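*Asks:* A structural model of the following input is requested.
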Amino acid sequence: MQLPITAAYVFTDYRSQGQTIPYMIIDIAPPPSGGQLTLFNYYVALSRSSGQGTIRLLRDFNEKLLMQPLDPFLVQEDARLVELNEETRTWWERMKSRRAARDGQAQGNDN
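*Replies:* Prediction:
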């Protein structure tokens, strides 16, 4: 007797962060331990794929899971990151302006 077997690898959404996975089968149903998944867990799991056409869901899930209110700490962290991004962009623009001014002065001294 022969049985068809497909090699597979399983890991958590935490382990998958920062990776792009070409083909995925995802289980976003509540864990058997009775714990609760957050929107962040769903985002990480669903966003690791290289495209919408390469994701398959293992089983049906309650769509209300995706309508949860946002975690206030995540909203606060997102606002902090937006502010940090703006500060960094402003700093780099200032550095570019200073460098351009310095390079312009150096060219003026060469003449």
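*Asks:* just the C-alphas of the lowest-mean-pLDDT helix or strand in the chain, formatted as CSV.
*Replies:* Every helix and strand in the chain was compared by mean pLDDT, DSSP states H and E; the lowest is helix 13-16, with a mean of 77. Output in CSV follows, covering the C-alpha atoms of helix 13-16 (Å, rounded to 0.1, in the frame of the first residue of the first chain):
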residue,chain,number,x,y,z
ASP,A,13,2.7,33.4,13.9
TYR,A,14,5.4,34.7,16.3
ARG,A,15,8.1,32.6,14.5
SER,A,16,6.9,33.7,11.1
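*Asks:* tell me which element F73 is part of?
*Replies:* Using DSSP states H and E, F73 maps to helix 72-110.
*Asks:* before we move on, the earlier item: what residues sit buried inside the least confident helix or strand of the chain?
*Replies:* 13, 16 (16 or more other Cβ atoms under 10 Å). For the C-beta atoms, the positions are set from N, CA and C on the backbone; glycine is no exception.
*Asks:* stretch 26-38 too?
*Replies:* So, applying 16+ other Cβ under 10 Å, buried residues of stretch 26-38: 26, 28, 37.
*Asks:* which of those residues fall within helices?
*Replies:* The helices, defined by DSSP state H, take in nothing from the buried residues of stretch 26-38.
*Asks:* and these, which is closest to S49?
*Replies:* Using Cβ to Cβ, I26 comes nearest to S49 of these, at 8.3 Å.
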